[in-house]
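Engineer: sequence and predicted structure are below.
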Amino acid sequence: MNHLLLSCQTVTLGYEGQAVLKGFSLDICQGDYLCIIGENGSGKSTLVKALLGLITPMEGKLMQDPSLQNGAIGYLPQQTAAQKNFPATVMEVVLSGFLSGGRVRFFYTAAQKSQALQQLGKLGILELKDACYRNLSGGQQQRVLLARALCAAKELLVLDEPITGLDPAAAQEFYKTMGYLNQTEGKTIIMVTHDLTPALHHAKSVLHMGRKQWFHGSVNEYLASPLGKRFQEGL
Ligand SMILES: Nc1ncnc2c1ncn2[C@@H]1O[C@H](COP(=O)(O)OP(=O)(O)OP(=O)(O)O)[C@@H](O)[C@H]1O
């Protein structure tokens, strides 16, 4: 069994005193590829933000392995309107992934620049490197943010609805990249998605969050469970 990277024990999460998730427990081990699915508003993004330490639990305990500190996490948040108008070049946005270590830098190393270019190449948008981010299409912006997250993801990659805006070919390429990162490079992946069939095809485990019940287990256990049975046919 691989070591524990993230753990929450009977946590209550919410905003301004209002609980969204109550008494929730989850362990995520190194090497996992966890797909988080569930209804709108069930608390998927809230859970992800708590796992990343962006919001503090109202109750319970959250543990992050020390290997995740100093910027070893690549995070692709759900896009907001404000992010879409970010006034920077594509290369600047991608390189900013290296700032997640908490240190403020005014220059990047040659190795970081070359890695950023490599990620842009892998995602098929190298020719956009000098373009202004806010002038790109939604799908192009999503690829740029993905390249940024990949630059930061030394240990863990956390993706909140990463397929949004990608065309089918890009989505397929994206799942291939995730499979490679997980199986060959041993990176841990946590992905929130509504794109169920391909996600279940690639993931190792599933967290299904409903308003009244949750399921957490392997993909096969999920497909055999009352919550997951209805998705068996699509796979
Ligand atoms: N910053 C915030 N302040 C107050 N309430 C919030 C905030 N963010 C989310 N919520 C509320 O928390 C609940 C869960 O939201 P969350 O975004 O975690 O759900 P989700 O499962 O990710 O939804 P979706 O599938 O629509 O992205 C919702 O009722 C939402 O209105």
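Structural biologist: Here it is on my side, so go on.
Engineer: skip ahead from the lowest-mean-pLDDT helix or strand in the chain and say which helix or strand is next.
Structural biologist: Counting by mean pLDDT, DSSP states H and E, the weakest-scoring helix or strand in the chain turns out to be helix 81-84, with a mean of 67. As assigned by DSSP states H and E, the chain's next helix or strand after helix 81-84 is helix 90-95.
Engineer: where does the chain dip in pLDDT?
Structural biologist: Scanning the chain for pLDDT under 70 picks out the ranges 1, 80-82, 100-106, 233-235.
Engineer: what does it have sitting close to the ligand?
Structural biologist: Within the chain, the positions adjacent to the ligand are 15, 20, 38, 40-46 by CB under 6 Å from any ligand atom. C-beta here means a position set from N, CA and C on the backbone, and glycine is covered the same way.
Engineer: tell me which of these fall in helices.
Structural biologist: 44-46 (DSSP state H).
Engineer: can you spell out the domain ranges of this structure, please?
Structural biologist: 1-72+155-235, 80-152 (automatic domain parsing).
Engineer: would you convert those into JSON lines that also reports mean neighbour count?
Structural biologist: Below are the domains of the chain laid out as JSON lines (neighbours: other CB atoms under 10 Å):
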{"stretch": "domain 1-72+155-235", "mean neighbour count": "17"}
{"stretch": "domain 80-152", "mean neighbour count": "16"}
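Engineer: secondary structure element holding the residue positioned nearest the centre of the chain?
Structural biologist: Compute the mean C-alpha point of the chain, and by CA atoms, centre = their mean the closest residue is Leu159, 1.5 Å away. Using DSSP H and E, the element containing Leu159 is strand 156-160.
Engineer: what are the contacting residues of that strand?
Structural biologist: 5-6, 44-45, 48, 51-52, 68, 72-78, 146, 149-150, 178, 181, 187-193 (CB atoms under 8 Å, 6 or more residues apart in numbering).
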